[in-house]
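In: Just a sequence and a predicted model for now, questions to come.
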Amino acid sequence: MNPTTTPIPPVRVLLPAQAELGEGAIWNPHDEKLYWVDIEGQALHIFDPATGHDRQLATNSRVGTVVPAEPGFVLVALQSGIHRMDTATGTLTQLTAPLDSNVRFNDGKCDPAGRFWVGTLVLDDSHGGAVLYRLDADHRLRLVLDQVTISNGLIWTADRQTMYYIDTPTQTVQAFDYADATGAITNGRVVIRIPDGAPDGMTIDADGNLWIALWGGGRVVCYDPRTGALLHTVPVPAPNPSSCAFGGPELKTLFITTARQGLSEEILRQFPHSGDLFCTTPGVAGVPAHIYKDGSDVAAR
């Protein structure tokens with residue numbers, strides 16, 4: 001797709017959510033709905049584009065992200081620990097211990113083998129105090145990377161050989177060699193440099209290109225990670241786009257979450273749709289989300 005000859009339609013407001021800190025957008029292949037979170041609103045949202053209905057489930061703790069598990073269940077990364085949630089009732093089952101009070105979970109996704117990768121950030125913004133974890137099928141939380149500042153977007157290639165990862169203040173996207181059998185990552189290297197706007201949530205399309213929400217940049221950008229070239233820019237009428245995900249019929253809709261938190265009254269008057277859920281159809285398709293594979297007896301109960 002040539003960005004000079006195939007313009008992307010302007011984004012539109014899909015849901016006037018007015019979220020404090022919308023994040024974690026992911027299309028759940030089990031029920032074909034968009035799942036996303038309001039971190040500071042302490043809620044999981046389940047949005048059905050077919051009806052326009054957005055259902056909220058309280059998490060009673062800051063919720064960094066959500067990933068699909070078996071049908072009818074998801075994993076939510078709460079400040080009070082990673083939990084398995086029954087999406088029919090909102091019932092939470094704790095899988096890991098709570099985080100320290102000055103740390104919360106941030107973005108995360110499942111890898112192709114069904115492990116849940118989720119990072120953290122330190123609430124006082126201290127440099128290098130965050131980490132990236134991997135939750136395996138046995139519910140053991142394993143440290144993968146440390147000396148991280150704001151662990152954010154991550155995604156895997158279709159051939160299961162590369163993982164892309166964002167530590168926001170580095171203004172880069174890193175690639176790692178990924179071992180699907182073990183979950184090990186090696187050979188980290190920078191493949192994309194973001195000149196302005198803070199790289200936040202990220203997804204991948206069927207062509208292997210990366211779509212990245214730019215916090216403070218008012219846009220989503222698409223890069224080719226093999227060349228580092230910027231392919232597309234999608235303006236968003238909100239200063240802080242936070243995550244993006246492909247979904248809808250044939251995974252051809254790009255959904256974008258945004259935030260209101262920390263914006264002055266003047267900025268909110270200028271950008272009243274901050275915190276809303278947006279969408280556009282960029283002319284490419286995404287890939288299905290990976291599902292958490294639970295190896296314990298929890299899923300069987």
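Out: Nice, thanks for sending it over.

In: So what sits opposite the closest residue to L135 other than its chain neighbours in the bridge?
Out: Closest residue to L135 apart from its sequence neighbours, by CB to CB, 6 or more residues apart in numbering: F116 at 4.1 Å. Placement of C-beta: from N, CA and C, glycine included. Beta-bridge partners for F116, by DSSP bridges, are C110, L135.

In: Quick check: F116 vs R140, distance?
Out: F116 sits 11 Å away from R140, going by CB to CB, to the nearest Å.

In: neighbour-wise, which of those two wins?
Out: Neighbours were tallied for F116 and for R140 using other CB atoms under 10 Å; the higher tally belongs to F116 (27 against 11).

In: Surely the residue nearest to L135 is in contact with V76?
Out: No. Judged on CB atoms under 8 Å, F116 makes no contact with V76 at a distance of 10.4 Å.

In: any shared contact partners between those two?
Out: Counting by CB atoms under 8 Å, 6 or more residues apart in numbering, the residues touching both F116 and V76 are I82.

In: In contact with P282, which residues are there?
Out: I8, W211, C222, H232, V234, L254.

In: could you redo the last one with a cut-off of 10 Å?
Out: By CB atoms under 10 Å, 6 or more residues apart in numbering, P282 lies in contact with 1, 6-9, 11, 205, 209, 211, 220, 222, 231-232, 234, 244, 246, 252-254.

In: Narrow those to those that are buried.
Out: Taking 16 or more other CB atoms under 10 Å as the criterion, what is buried in the contacts of P282 is 8, 11, 205, 209, 211, 220, 222, 231-232, 234, 244, 246, 252-254.

In: G275: which of the residues you listed is nearest?
Out: Checking those against G275 by CB to CB gives V11 as the nearest, at 14.1 Å.

In: what pLDDT does that closest one get?
Out: For V11, the pLDDT comes out at 98.

In: correct me, but it touches V220?
Out: Yes. Shown here, V11 and V220 form a contact pair, counting by CB atoms under 10 Å, at 8.3 Å.

In: Need the residues touching each of those two.
Out: V234, P235, V236, P241, L254, I256, F278, T280, P282.

In: Of the residues you listed, which belong to strands?
Out: Residues of the shared contacts of V11 and V220 located in strands (DSSP state E): V234, P235, P241, L254, I256, F278, T280.

In: Grab the nearest non-local neighbour of the first one.
Out: Closest residue in space to V234, ignoring its immediate chain neighbours: V220 at 4.3 Å, by CB to CB, 6+ apart.

In: Can you show me the helices along the protein?
Out: 265-270 (DSSP state H).

In: CA atoms of stretch 257-264 as PDB?
Out: Provided in PDB are the C-alpha atoms of stretch 257-264 (Å, rounded to 0.1, in the frame of the first residue of the first chain):
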ATOM      1  CA  THR A 257      -8.000   4.400  22.600                       C
ATOM      2  CA  THR A 258      -7.200   7.800  24.100                       C
ATOM      3  CA  ALA A 259      -7.000   9.400  27.500                       C
ATOM      4  CA  ARG A 260      -8.100  12.600  29.400                       C
ATOM      5  CA  GLN A 261      -5.900  12.200  32.400                       C
ATOM      6  CA  GLY A 262      -3.500  15.100  33.100                       C
ATOM      7  CA  LEU A 263      -4.900  17.400  30.400                       C
ATOM      8  CA  SER A 264      -5.700  21.000  31.400                       C
END
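
In: Now it: buried residues?
Out: Within stretch 257-264, the residues scored as buried using 16+ other CB under 10 Å are T257, T258, A259, R260, Q261, L263.

In: what does stretch 211-218 give?
Out: By neighbour count on 16+ other CB under 10 Å, the buried set for stretch 211-218 is W211, I212, A213, L214, W215, G217, G218.

In: And for stretch 38-56?
Out: Of all the residues in stretch 38-56, those buried under the rule 16+ other CB under 10 Å are D38, I39, E40, G41, Q42, A43, L44, H45, I46, F47, P49, D54.
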